[in-house]
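Visitor: sequence plus the predicted model coming up.
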Amino acid sequence: MSQEIRVRFAPSPTGPLHIGGARSALFNYLLAKKNNGKMLLRIEDTDRERSSSESEENIKDSLKWLGINWDEGVDVGGEYGPYRQMERLDIYKKYIDKLLSEGKAYKCYCTEEELEKQREEQRARGETPRYAGCCRDLTPDQEEKFQAQGRRPVIRFRVPGGEIIRVDDAVRGKVNFESDGIGDFVIVKSDGIPTYNFAVVVDDHEMKITHVIRGEEHLTNTARQVLLYEALELSQPTFAHVSLILGKDRSKMSKRHGHTSVVQYRINGFLPEAIVNFLALLGWSPEGEEEIFTLDELIKQFSLDRVVKSPAVFDMEKLKWINGYYIRNSSIERIVELAIPFLQEAGYLDENVDEEKRQWVSMIVAAVRNRLSTVREIVDYMELFINDEIKPESEKALKELQGEQVSQVLETLLSKLQEAEDLEPENVKKILKSITKELKLGGRKVFMPIRIALTGQMSGPEMHDVIPVLGIEKVEKRISYVKENFLQ
Ligand code: GLU
């Protein structure tokens, strides 16, 4: 039987879930689900100053919103817990003691000022600053002296000299690093807490992780981690480093290119399945031309060998297009639920939304849903349904209103609507059509003046969807306002 695939997402809770982190989480999740494996969520909170429980909550909420669930980890538990690094300190200690006793790690008593001085000297000599090795071979006497001075040591890993470190990456192929380029790095800080590079190796080993998928920015860390795997004589997982996410101008993705955290997409009217679909395409290339994938389809189709090496470009227009697709294909009720908070925030709805108001919103959603690329955009359409003092949007629109037979078109519309049994979209559609027949006019000569008279605009949602929202009174008001003010 082949080995069970076990992957993890291991965020540091130092801020909200970033779009790049969400992509790493998604790729791990897809690999696990595709292979009936397990997805873990481990919280890497050893940076105590920057970590917060608020960030942890945000990360978990964002993952759940996206539909990325975990089989083991914080909150759900599992065989290899605890899953928060600060609760695992005694586990790390065993490994640290082993490295110390084998001379593969050592205590370093250099102060921050001394280290800075060493770095300055190296820079002055034109060298790349790295730990100069002052404490590499301290005698017990020297150590005692430092301790007596009240210095608190860090623990450094003794990087072997002259070695080629090979990282065998499932996306990038074989990547080599020279160990001489890496100074003896800190694995335990002076407060006794291990650093990321150390804790991650112990945890990935202890939690039996088989694949580590993460951002390319970690590749140089991986070189250090490989050294630690070798020193601890542990077998390595398969590494896969996914390319950076760049903005359209090819610089690193930042706030300039769009929101960087998942929660911001949520509060701006994006749907989770659109984000998942979009993130999957940021670095993974499907086999065919199709670009729309649900999470289940992604699980079926995902494979690591279709993760590309070239940088992924974040294209906001494409994300909006995908989001629009999912909005159009959602139920009206769902979009109504999502739209209500935006309408409340913009002052179009009170806190209490009764059945009548909900019905009104649902007609508006039916009218504009096909035109939305985010749910928030519904707010931009509201004036169209509310303000009865119609102003033609341009000279051209005004001209159209002043065309021949416009009065007649509007009169006919009004009387037909007044006589109509109901103003359901289907019925309104029929009425509009019948006007062209009755007046023997081309469609445009009927529809355009009606559109401009009722909305001021030359394009927009379908009139047979708009009229039912307006109702007969508003149609009457708008037509008489336009007649008074603009018709000749
Ligand atoms: N805690 C690291 C981060 O948030 C995890 C990197 C990794 O996946 O190993 O960047």
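Guide: Received the coordinates, thanks.

Visitor: what parts of the stretch 301-450 of the chain come near the ligand?
Guide: By Cβ under 6 Å from any ligand atom, no part of the stretch 301-450 of the chain sits against the ligand. The way it works is simple: take the backbone N, C-alpha and C, and place the C-beta from them, glycine included.

Visitor: any idea where the strands of the stretch 301-450 of the chain begin and end?
Guide: Under the criterion DSSP state E, counting those that start in this stretch, the stretch 301-450 of the chain contains strands at 312-313.

Visitor: can you list the weak-confidence ranges in it?
Guide: For the stretch 301-450 of the chain, no stretch has pLDDT under 70.

Visitor: count residues in the vicinity of Asp380, would you?
Guide: 12 (other Cβ atoms under 10 Å).

Visitor: how close does it get to Arg224?
Guide: Applying Cβ to Cβ, to the nearest Å, the value for Asp380 to Arg224 is 50 Å.

Visitor: not counting sequence-adjacent ones, nearest residue to the residue of the stretch 351-488 of the chain found nearest the ligand?
Guide: Going by Cβ to the nearest ligand atom, the ligand is nearest to Thr374 of the stretch 351-488 of the chain, at 28.2 Å. Among residues not flanking Thr374 along the chain, Gly269 sits closest, at 3.7 Å (Cβ to Cβ, 6 or more residues apart in numbering).

Visitor: follow-up on the earlier one: just to check, the residue of the stretch 351-488 of the chain closest to the ligand is in contact with Asn323?
Guide: Yes - counting by Cβ atoms under 8 Å, Thr374 does reach Asn323; the two are 6.0 Å apart.

Visitor: among those two, which residue is more densely surrounded?
Guide: It is Asn323, of Thr374 and Asn323, that has more neighbours when counted by other Cβ under 10 Å, with 25 against 20.

Visitor: and for the residue nearest to the more buried one when sequence neighbours are not counted, the neighbour number?
Guide: Once flanking residues are discounted, Asn323 sits nearest to Ala274: 4.0 Å by Cβ to Cβ, 6+ apart. For Ala274, the neighbour count with other Cβ under 10 Å is 22.

Visitor: average model confidence for the helix or strand hosting Ala274?
Guide: Element membership for Ala274, per DSSP states H and E: helix 272-281. Mean pLDDT, helix 272-281: 98.

Visitor: helices or strands next to it in the packing?
Guide: Here helix 272-281 touches helix 19-34, helix 53-66, helix 262-267, helix 295-301, helix 316-328, going by 3 or more Cβ pairs under 8 Å, 6 or more residues apart in numbering; DSSP states H and E.

Visitor: just the CA trace of it, in PDB.
Guide: C-alpha atoms of helix 272-281 as PDB (Å, rounded to 0.1, in the frame of the first residue of the first chain):
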ATOM      1  CA  PRO A 272     -15.800  32.200  -2.000                       C
ATOM      2  CA  GLU A 273     -16.100  29.900  -5.000                       C
ATOM      3  CA  ALA A 274     -14.900  32.700  -7.200                       C
ATOM      4  CA  ILE A 275     -11.800  33.300  -5.000                       C
ATOM      5  CA  VAL A 276     -11.000  29.500  -4.900                       C
ATOM      6  CA  ASN A 277     -11.400  29.200  -8.700                       C
ATOM      7  CA  PHE A 278      -9.200  32.300  -9.300                       C
ATOM      8  CA  LEU A 279      -6.500  31.200  -6.800                       C
ATOM      9  CA  ALA A 280      -6.300  27.800  -8.400                       C
ATOM     10  CA  LEU A 281      -5.500  29.400 -11.700                       C
END
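
Visitor: ok, and what's touching that helix?
Guide: Helix 272-281 has contacts (Cβ atoms under 8 Å, 6 or more residues apart in numbering) with 19, 22-23, 26, 30, 65-68, 262, 265-266, 291-295, 298, 302, 318-319, 322-323, 325-326.

Visitor: now do the same contact list for the closest residue to Thr222 other than its chain neighbours.
Guide: Residue nearest to Thr222 in three dimensions, not counting chain neighbours: Val167, with 5.2 Å by Cβ to Cβ, 6+ apart. When contacts are counted by Cβ under 8 Å, 6+ apart, Val167 touches 174-177, 219, 222-223, 226, 239.

Visitor: distance of the residue in the stretch 201-350 of the chain positioned nearest to the ligand relative to Asp169?
Guide: Closest residue of the stretch 201-350 of the chain to the ligand, Cβ to the nearest ligand atom: Arg214 (3.8 Å). In this structure, Arg214 and Asp169 are 11 Å apart, going by Cβ to Cβ.

Visitor: likewise Glu116?
Guide: Remark: distance between Glu116 and Asp169 (Cβ to Cβ) = 34 Å.
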